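Asks: Dropping a prediction and its sequence here:
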Amino acid sequence: MKYLFFLLWFPYVLHAQNEVPSAERIRQHVNYLASDRMKGRGTGSREQEKAVKYIEKQFKKMGLSPRGTDGYRQPFMAKVRRVVVPDSVRKSANVLGFLNNQAPYTIIIGAHFDHLGMGRQGSSKAPQPEGQIHNGADDNASGVAGLLELARYFTQNSRTEPFNFLFIAFGAEELGLQGSRYFVENPTLALENIHFMLNMDMIGRYNSERGVGIGGYGTSDAWPQVFKDVTGDVKFFTDRAGSGGSDHGSFYAKKIPVLFFHTGGHDDYHTPTDDPEKLNAEAEAGILSLEIKLIENAMELPKLIFTEVK
Ligand SMILES: [Zn+2]
């Protein structure tokens, strides 16, 4: 009997394993994006271009349609302001993949892919940052891995959701949210048709005492209903703030409800030691499963109404 039960469930288990967030794939993405040969994905660098190509390839493989202004890309010029450098204006790009479910409204999932490069663009906490590789495994290869895993889930789960999805990897976040700001000023999809925006920035250092922080709880009166009875393998807490710290702030400024996932600061933050082997990929997979539950609950509701956080 037990054997029969197993056989009946076997195809389901096989199928489910393919779409559910996997620690193994998270590790692969982070190991690639935050390896030394990516030299910290600095804005304007050759390695930034490599990261863009990697994300484009993944989007294509999953069957997302291009939603940039040049295929998947939305190129823009970024400016280094925190330090004085001769090449202060640098090329960057956002990478945008669209899952068209023929729905009236769209959910935006975002994560920035850039980091501090070789320490020549400011905001490093290292005493002598210049020439050191700032790998940015947690900040924010972890978020990009999350973005790719969510894209994988919603494209492979053989269900047509009642919302479309726009997946965006932002450039030049570390220079002051420049990619997300460029997007909201030059949107490739009408901003009034966005259900909400979910941002991931540093989700790889889960600490079971703290739990994962979820910001943006005050940005729509509907969030309490979305969170009702939701539990996961990871502990979490909510915070009402809709702006501050990362790309969701650009969407909040345009009166779009947001959620922001973050596992907290640490000693390696913005230093050359934010390395891939320090990631907790199992917990990150748990965080992504929690996000999926919340997104699925939010898809039961009509378009969310924005609330300003006082
Ligand atoms: Zn970041």
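Replies: All right, it came through fine.

Asks: what's near enough to touch residue 142?
Replies: Residue 142 makes contact with 26, 30, 200, 202, 203, 204, 205, 279, 284 under the criterion Cβ atoms under 8 Å, 6 or more residues apart in numbering. The way it works is simple: take the backbone N, C-alpha and C, and place the C-beta from them, glycine included.

Asks: Nearest to residue 100 among those?
Replies: Lowest distance from residue 100 to those (Cβ to Cβ) belongs to residue 200, with 22.3 Å.

Asks: Which helix or strand contains the nearest residue to the closest one once chain neighbours are set aside?
Replies: In this structure, residue 200 finds its nearest non-sequential neighbour in residue 143, 3.8 Å apart by Cβ to Cβ, 6 or more residues apart in numbering. Under the criterion of DSSP states H and E, residue 143 resides in helix 142-156.

Asks: what's the answer for residue 207, then?
Replies: Here residue 207 is assigned to no helix or strand, by DSSP H and E.

Asks: Tell me how far it lies from residue 141.
Replies: 18 Å (Cβ to Cβ, to the nearest Å).

Asks: Looking only at neighbour counts, state which of those two leads.
Replies: Comparing residue 207 with residue 141 by other Cβ atoms under 10 Å, the one with more neighbours is residue 141, at 30 against 13.

Asks: check contacts around the more buried one.
Replies: Residue 141 is in contact with 29, 30, 33, 34, 113, 115, 135, 204, 276, counting by Cβ under 8 Å, 6+ apart.

Asks: Compile those into CSV and extend it with columns for pLDDT.
Replies: Formatted as CSV, the contacts of residue 141 follow (pLDDT from 0 to 100):
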residue, pLDDT
29, 98
30, 98
33, 98
34, 98
113, 98
115, 98
135, 98
204, 98
276, 98
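
Asks: The ion: which of those residues is nearest?
Replies: Within the contacts of residue 141, the smallest distance to the ion is 7.4 Å, found for residue 115 (Cβ to the ion).

Asks: in terms of contact, does that closest one touch residue 39 like I think?
Replies: No: assessed by Cβ atoms under 8 Å, residue 115 is found out of contact with residue 39, at 9.4 Å.

Asks: and those two? which has more neighbours close in?
Replies: residue 115 (32 against 18).

Asks: Spell out which helix or strand contains that one, please.
Replies: Using DSSP H and E, residue 115 falls outside every helix and strand.

Asks: which one is it nearest to, not counting chain neighbours?
Replies: residue 136 (2.9 Å).

Asks: for the one you found, what are its contacts?
Replies: Contacts of residue 136 by Cβ under 8 Å, 6+ apart are 33, 34, 40, 41, 115, 116, 274.

Asks: again, only this time at 6 Å
Replies: Residues in contact with residue 136 (Cβ atoms under 6 Å, 6 or more residues apart in numbering) are 34, 40, 115, 274.
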